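pasting the sequence and the predicted coordinates here, then a few questions.
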Amino acid sequence: MTRFNLSEWALGHRSFIWYLMLLVVAAGLLSYRHLGREEDPSFTIKSMVIQANWPGATVEEMTNQVTDRIERKLQELETLDFTKSYTTPGQTTVFVNLKDETPGRDIRAIWVQVRNKINDIRQDLPTNVQGPFFNDQFGDVFGNIYALTADGLSLRQLRDYAEQARSQILKIPGAGRVELLGVQDEVIYLDFSTQHIAGLGIDQQAAINSLQQQNAVVPSGVVQAGPERVSLRVSGQFTSVESLRAVNIRVNDRFFRLSDVATISRGYVDPPSNLFRYNGQPAIGIAIGMKPNNNLVEFGKALRARMLQVVGDLPIGVGVHLVSNQPAVVEEAIGGFTQALFEAVAIVMLVSFLSLGLRAGLVVAVAIPLVLAGTFIFMEYAGIGLQRISLGALIIALGLLVDDAMISVEMMVARREAGDTLERAATFAYSSTAFPMLTGTLVTVAGFVPIGLNGSSAGEYTYSLFAVIAAALLISWVVAVLLTPLLGVTMLPRTAPAGGERQSRLKAWFLPALLRTMRWRWLTIAVTLGLFAVSLFAFRYVQDQFFPASDRPELLVDMTLPQNSSIAETKKQMDRLEKTLAGDPDIVRWSSYVGRGAVRFYLPLDEQLGNPFFGQIVIVARDFDARERLGARLKQRLRQDFVGIDGFVHPLELGPPVGRPVQYRLSGPDIQQVRGLALQFAEVMASNPHLGNIVYDWNEPGMVLRIDVDQNRARQLGVSSQDISTVLNNVVGGSSITQVYDSIYIVDIVPRADRAERVAIETFQGLQLAGRNGQPVPLSAIATVQYTIEQPIVYRRDRQPTITLYASIGDDLQPATIVGELKPAVAAFEAKLPPDYSIAIGGTVEESGKGERPIAAVVPLMLLLMATVLMLQLQSFQKLFLVVSVAPLGLIGVVAALLLSDKPLGFVAILGVLALIGIIIRNSVILVAQIDSFRAEGLAPWDAVVEATTHRMRPILLTAAAASLGMIPIAREVFWGPMAFAMIGGIVVATMLTLFFLPALYVTWYRIREPNRP
């Protein structure tokens, strides 16, 4: 019974096949236009933030009664990786970090589960705890940021214009969250003199109660007047500063005008919680996010048009400045990636034309857009847009997808030279090599399976590499057996091609070399194994890397002051640094954040939450070289002029956010012992000359003014601890006692002491309190005031106090290399630790391990799939061994290429090396299948090996040239460079091994002797 031949069927239905080709190209073009545009693929930030407040609580009380209860409940979560918290007096922030392999589709349901669990323990928290509050949108990206500055306008007026702009932006289709940055809330302050009101015998709390009762908003009732309902309204609420000045308050049967005992003024929250500036000017930022599954480039165009309208409505004096423009970055990045794709297409086509001739090369060249069009259709329906990974995958796939087409065309040309008709030659490839080609394709796809099944954040980031390459390779096989035969019959000449002479010259060079390696088989095997052993030894000199730094022009400067520093001091130091940036020719613009880190304008950003001692500057340099020059100058400036301040200058990251490259965590049950051990361990880290300054995420103690109350004496005089706390709080900064409602804003009314009194420690020594019957009571009569030391902030990880030691790297070494150098010293230090104390590696090395462990777990499945596919084709354990034996030898080329190019073996390069296994096996299985075919036709075993290798030599060389040369456009990329060099080196060496080592191994394994010929 004759087997069904798909190529023959295609030639018998030519019109339908032409129609199918036109349909695929048209649909592919439409899909290409509809594909989303992004700079990087999205991945899920598997972190949630929980915050709770307990005003007045100490760090210890907050830790034991609030933080620990929340963390203990979170440990019930099955998908929890670890909790991390930082606790300050009266406030706690807990990070919920899920396991890296948690599927992104499950995250939302898990956040609901977290809310439910924490709500279950609300009744167990202290009575006055506010919250907990949840932020499960920690990973939202605000790709567009505008800054509004004012010349001659108040911050309130500027905020009004920012609110109007926000309302207009939210009307844009696809607009997501829009947040205002650096907004300063208005406050009405009641500044009073503690001595003055004490002298008047005024009970401050009674005065506050009087104001609250007058300003209260309570229902007055509704009159049912026959057919109508008439609401009752009572006046008296405060509407302005003037209405407050006119208030008379009654205390102890005496009346006082409020303006006589307090200075009433309207201003802004002092001290501010955070600030935003643009080029050193105070500003309000508008951070704009986009809803999921929208086209960022199209959204950027709509946003630009809307902002032009907004700017047109603003008065003179309001400046609108572009801070971050992700659509423009994406457009530029996609343009660069697309240019690299076109360059790769041109290189592969050139290889085809030069090696196969014009017409045969044209057949292969036409197959490229057909496969790309089919891949674009798949990408649209799979929800994969054009971004760094998917476009890189297309470039990598280019050299592989022409393999099947080249095999088919090469087979047609060879059969034409053997005398077959063009139609018979076109169908011969299917019957002889279609299934070995499919086996090779499936094996290559299996090589990328560890990427597709890697559930970590790094795997989610690189998933489209697997999906796009797998789709392109499978589509290329269909094109090779269904469409390429028709293209060959149409484009190839009816007469025998003139490439025979060129092929014979190539064979004349190759055949003697092949025969020598087969005759000297043991020497060939020994030399190959020797090179493999050398490569294993040299592999130790290849540095490890997670993801490289981004090549974007942004540069981030983190400034961390001592943790008891005020936001005013942080602003002062950042002002000093920002003055040095003005006029720098390498800087386009900069924006700064005081009291918090930059908003997440870039998905892999390591976002920093609010702290008064922290500030961050985002500088946009003119280009990559300017960024490098500027970074070096800033590092030196921070070292020389900002002593005692931790300054960290770094570019944006690629892949999941990590932060500082080298990190160690030291944990234990006792805070003071952890602090002491951390100081000792810093000396261990400092012993490595490649590390820069070593800093701690927390360790410095802070000063506390402790008021110890004599309770018996206080009760005799009619004063309680609550009275003292309330008065003290009102002196130093105060809390809102009531509110004024102004348009869309709520303005708090806050009592506080005069500035001279609230910033002076001496105020508390002579503070007067209102006792029984309004009699003044000196604080010193009922309490002692003394200084003490406590931790202003405590970090915990998995409920253990944990100090993280950070260090930057002063040269080109990778973090894994330095951690390896420190390993003996760290192990020796860890061996001396008391029980329950431990050291863990963090930073880049830890994140790299999280990304690589799932790969290692999937590698056995990858090998199983490869072995199963190969056994279906080969039906022999011996042949399976022969085919697989070549795969690990590709490491020879990988190591050589990485060492010669001085590239590290990064996460993406590891994926490329794993994929090499499938690529190498692909050629080997087709060669072994060809040997079996010739032996079945009656050739002697030795002659079958020689003829099959000679027959497969040109297509193997051509596909190797296409695959390796096609990666040249991405070899210059920071992200793809290590993978490109590793794969080029591996493919080149593996090609030589397939053509020389595999035949020698084959004749050795089967004990095949060269026949004696006269």
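Cool, got the structure. Numbers count the residues shown, from 1 in each chain.

what packs against the helix or strand that contains A714?
Assigned by DSSP states H and E, A714 falls within helix 711-716. If contacts are counted by 3 or more C-beta pairs under 8 Å, 6 or more residues apart in numbering; DSSP states H and E, helix 711-716 sits against helix 721-732, helix 779-782. Placement of C-beta: from N, CA and C, glycine included.

pick the most buried one from those.
helix 779-782 (a mean of 18; mean count of other C-beta atoms under 10 Å).

who's in contact with the most centrally placed residue in the chain?
Nearest to the mean C-alpha position of the chain, by C-alpha atoms, centre = their mean, lies P604 at 2.5 Å. By C-beta atoms under 8 Å, 6 or more residues apart in numbering, the contact set of P604 is 40, 550, 652-657.

now with 10 Å, please.
Taking C-beta atoms under 10 Å, 6 or more residues apart in numbering, we find P604 in contact with 40, 43, 45, 141, 457, 461, 547, 550, 652-658.

neighbours around the residue lying closest to N274 once chain neighbours are set aside, how many?
In space, N274 comes closest to G595 once its chain neighbours are excluded; the distance is 3.5 Å by C-beta to C-beta, 6 or more residues apart in numbering. Look at G595: counted by other C-beta atoms under 10 Å, it has 23 neighbours.

about what we covered before: could you check the distance from the residue nearest to the centre of the chain over to P292?
Between P604 and P292 the distance, using C-beta to C-beta, to the nearest Å, works out to 17 Å.

circling back: list the contacts of the helix holding A714.
709-710, 719-721, 723-724, 769, 771-772, 777, 779, 781-783.

for A990, report the pLDDT, please.
pLDDT for A990: 87.

surely it meets A887?
Yes. Contact status for A990 versus A887: in contact at 8.0 Å, counting by C-beta atoms under 10 Å.

helices along the stretch 151-300 of the chain, start to end?
Secondary structure of the stretch 151-300 of the chain (DSSP state H, counting those that start in this stretch): helices at 155-169, 194-200, 204-215, 241-245, 258-261, 296-313.

correction: the stretch 501-650 of the chain
So, for the stretch 501-650 of the chain - with DSSP H, counting those that start in this stretch - the helices run 521-538, 567-581, 624-641.

for the ones you listed, which one ends up most surrounded?
Comparing these by mean neighbour count (mean count of other C-beta under 10 Å), helix 567-581 ranks first with a mean of 17.

run the angle between that helix and helix 624-641 for me.
With axes from the mean of the first three to the mean of the last three C-alpha atoms, to 10 degrees as the basis, helix 567-581 and helix 624-641 are set at 130 degrees to each other.

count of residues packed around V974?
V974 has 14 nearby residues by other C-beta under 10 Å.

circling back to that earlier point, can I get the helices of the stretch 501-650 of the chain in TSV with distance to S408 and mean pLDDT?
Putting those into TSV (distance: least, C-beta to C-beta, whole Å; pLDDT from 0 to 100) gives the following:
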stretch	distance to S408	mean pLDDT
helix 521-538	31	91
helix 567-581	61	91
helix 624-641	43	89
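
out of the ones you listed, the one nearest V895 is which?
The minimum distance between V895 and those falls on helix 521-538, with 4.3 Å, by C-beta to C-beta.

returning to what we had before: now render the helices and strands packed on helix 711-716 as CSV, adding distance to V345.
Listed next are the helices and strands packed on helix 711-716 as CSV, based on distance: least, C-beta to C-beta, whole Å:
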stretch, distance to V345
helix 721-732, 69
helix 779-782, 81
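
closest to D81 out of those helices?
The nearest among the helices and strands packed on helix 711-716, by C-beta to C-beta, is helix 721-732 at 38.9 Å.

could you point out which element follows the closest one?
Next element after helix 721-732 (DSSP H and E): strand 738-742.

adjacent strands (with direction) for that following strand?
Strand 738-742 has its sheet partners listed here by DSSP bridges as strand 745-753 (antiparallel).

how about the partner strand: buried residues?
By neighbour count on 16 or more other C-beta atoms under 10 Å, the buried set for strand 745-753 is 747-753.

and that strand, average pLDDT?
pLDDT averaged over strand 745-753 gives 82.

now swap in stretch 360-375 and tell me
85.

residues of it that come out buried?
Neighbour-count burial for stretch 360-375, counted by 16+ other C-beta under 10 Å, picks out 360-368, 370-375.

with only the CA atoms kept, save that stretch in PDB.
Output in PDB follows, covering the C-alpha atoms of stretch 360-375 (Å, rounded to 0.1, in the frame of the first residue of the first chain):
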ATOM      1  CA  ALA A 360      16.900  27.600  -4.800                       C
ATOM      2  CA  GLY A 361      17.700  30.400  -2.400                       C
ATOM      3  CA  LEU A 362      14.600  32.200  -3.400                       C
ATOM      4  CA  VAL A 363      12.500  29.200  -2.400                       C
ATOM      5  CA  VAL A 364      14.000  29.200   1.100                       C
ATOM      6  CA  ALA A 365      13.700  33.000   1.200                       C
ATOM      7  CA  VAL A 366       9.900  32.900   0.500                       C
ATOM      8  CA  ALA A 367       9.500  30.300   3.200                       C
ATOM      9  CA  ILE A 368      10.700  32.900   5.800                       C
ATOM     10  CA  PRO A 369       7.800  35.400   5.500                       C
ATOM     11  CA  LEU A 370       5.300  32.500   5.400                       C
ATOM     12  CA  VAL A 371       6.600  31.100   8.700                       C
ATOM     13  CA  LEU A 372       6.800  34.500  10.200                       C
ATOM     14  CA  ALA A 373       3.200  35.300   9.200                       C
ATOM     15  CA  GLY A 374       2.000  32.100  10.700                       C
ATOM     16  CA  THR A 375       3.900  32.900  13.900                       C
END
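
pull the distance from that stretch to the chain's centre.
35 Å (C-alpha atoms, centre = their mean, to the nearest Å).
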